[in-house]
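Student: sequence and predicted model, in that order:
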Amino acid sequence: EDQVTQSPEALRLQEGESSSLNCSYTVSGLRGLFWYRQDPGKGPEFLLTLYSAGEEKEKERLKATLTKKESFLHITAPKPEDSATYLCAVRKTFHDYKLSFGAGTTVTVRA
Amino acid sequence: NAGVTQTPKFQVLKTGQSMTLQCAQDMNHNSMYWYRQDPGMGLRLIYYSASEGTTDKGEVPNGYNVSRLNKREFSLRLESAAPSQTSVYFCASSEGGGNYGYTFGSGTRLTVV
């Protein structure tokens, strides 16, 4: 059964303390791994997409990497405004419109 | 730009009542989706519409129906609400398939008592 698992469930950081979030997946035939940010009471906001193992993408203080089994979202020198829940999602085929989401990692950055 | 607009934002229903959640997007996207979000379970796809005139079941379609009214609007109907349908519902749209990421609405928080 296809699964998307995110760890840790929650992460508390001091401002400037870099760390990584993990998204592991067991989807056969990955055709895209997506990262989203969700603020309390709001809908998820698209961040970036990775397509193949070895690929890296950056967006502001975020850097995402992809292997055949997992993706890491590294937050460099986080600020309080980076506090949010980060969701990853996977797509199995180019013709499949469905995304399967993990449960998310809630990041809290203290000033 | 409004993006994806969902109404209502909050709703309380009694078991057995029916209601329709409304969703509209102004980005000229072809594809639209309905997800529900429950604590610890992530977002789960209820129904989606790849293009105007088509709808397909997602992971958890039981108890729901959808209508793609036109390219802009995609509604979700609960015919006979159950407590298990207490959740936060999100509508989303995308330009093609999922390649370009979804744009989500702000959600409808539904409580069934």
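Tutor: Cool, the structure landed.

Student: and chain B, which residues reach chain A?
Tutor: Near chain A, the residues belonging to chain B are B:4, B:31, B:33, B:35, B:40-45, B:48, B:50, B:58-59, B:90, B:92, B:94, B:97-99, B:101-107 when assessed by Cβ under 8 Å from any Cβ of the partner chain. All C-beta atoms are positioned from the backbone trio N, CA, C, and that covers glycine.

Student: using PDB, write out every CA atom in stretch B:11-22.
Tutor: Output in PDB follows, covering the C-alpha atoms of stretch B:11-22 (Å, rounded to 0.1, in the frame of the first residue of the first chain):
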ATOM      1  CA  GLN B  11     -21.000  25.100   9.700                       C
ATOM      2  CA  VAL B  12     -22.700  23.000  12.300                       C
ATOM      3  CA  LEU B  13     -25.100  20.300  11.200                       C
ATOM      4  CA  LYS B  14     -27.300  17.800  13.000                       C
ATOM      5  CA  THR B  15     -26.900  14.100  12.000                       C
ATOM      6  CA  GLY B  16     -29.000  13.400   9.000                       C
ATOM      7  CA  GLN B  17     -29.100  17.000   7.600                       C
ATOM      8  CA  SER B  18     -27.800  17.800   4.200                       C
ATOM      9  CA  MET B  19     -25.700  20.700   2.900                       C
ATOM     10  CA  THR B  20     -23.600  21.800   0.000                       C
ATOM     11  CA  LEU B  21     -20.100  23.200   0.200                       C
ATOM     12  CA  GLN B  22     -19.400  25.700  -2.500                       C
END
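
Student: just how off-centre is it within its chain?
Tutor: Computed by Cα atoms, centre = their mean, to the nearest Å, the separation of stretch B:11-22 from the middle of its chain amounts to 14 Å.

Student: pull out the buried residues from that stretch.
Tutor: B:11, B:13, B:21-22 (16 or more other Cβ atoms under 10 Å in any protein chain shown).

Student: equivalent analysis for stretch B:75-93, please.
Tutor: Quick answer for stretch B:75-93 (16+ other Cβ under 10 Å): B:75-76, B:78, B:81, B:85-93.

Student: make a markdown table out of those and add secondary structure.
Tutor: Shown next, in a markdown table, are the buried residues of stretch B:75-93 (DSSP: H, G, I helix; E, B strand; the rest coil):
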| residue | secondary structure |
| --- | --- |
| B:S75 | strand |
| B:L76 | strand |
| B:L78 | strand |
| B:A81 | coil |
| B:Q85 | helix |
| B:T86 | coil |
| B:S87 | strand |
| B:V88 | strand |
| B:Y89 | strand |
| B:F90 | strand |
| B:C91 | strand |
| B:A92 | strand |
| B:S93 | strand |
